[in-house]
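Engineer: Okay, here's the prediction I keep looking at, along with the sequence it came from:
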Amino acid sequence: MKEKTKKAFNPNDFFTTKRVEDVATAFEQLKLLDYKKVNLADEITKYNYEITSKEYVPFEFSEIEAYYTLEVDTIV
């Protein structure tokens, strides 16, 4: 019988960082909007996500790609 090795619980093993890029890839329709006219935060809230990055400035860029590095969190 094999002996199981116990690994200490690490809460970071369950933490994953999502970015605007991940949400935009999952919801392609987000790539069609002009974010100088539409608030990105309002749009991704419709898909149960919120922008958590402090660097987010609404209406700063037209293309969603400019926001790809911003972190988002799931709304539960």
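Structural biologist: That came in fine, so what should we check first?

Engineer: Quick check: beta-bridge partners of the residue nearest to Thr17 when sequence neighbours are not counted?
Structural biologist: Among residues not flanking Thr17 along the chain, Glu71 sits closest, at 5.9 Å (C-beta to C-beta, 6 or more residues apart in numbering). (C-beta placed from N, C-alpha, C; glycine too.) Note on Glu71: beta-bridge partners Arg19, judged by DSSP bridges.

Engineer: What is the burial count for Glu71?
Structural biologist: Neighbour count for Glu71, taken as other C-beta atoms under 10 Å: 16.

Engineer: Also Leu30?
Structural biologist: Look at Leu30: counted by other C-beta under 10 Å, it has 20 neighbours.

Engineer: My guess is it contacts Ile44. True?
Structural biologist: Yes - using C-beta atoms under 8 Å, Leu30 makes contact with Ile44 at a distance of 7.1 Å.

Engineer: Now for those two: what residues contact both?
Structural biologist: Taking C-beta atoms under 8 Å, 6 or more residues apart in numbering as the criterion, Leu30 and Ile44 both touch Val23.

Engineer: the strands in this protein, which residues?
Structural biologist: Taking DSSP state E, the strands of the chain run over residues 18-19, 49-51, 71-74.

Engineer: which of those strands sits most buried?
Structural biologist: strand 49-51 (a mean of 18; mean count of other C-beta atoms under 10 Å).

Engineer: same for that strand, what does it pack against?
Structural biologist: helix 40-45, strand 71-74 (3 or more C-beta pairs under 8 Å, 6 or more residues apart in numbering; DSSP states H and E).
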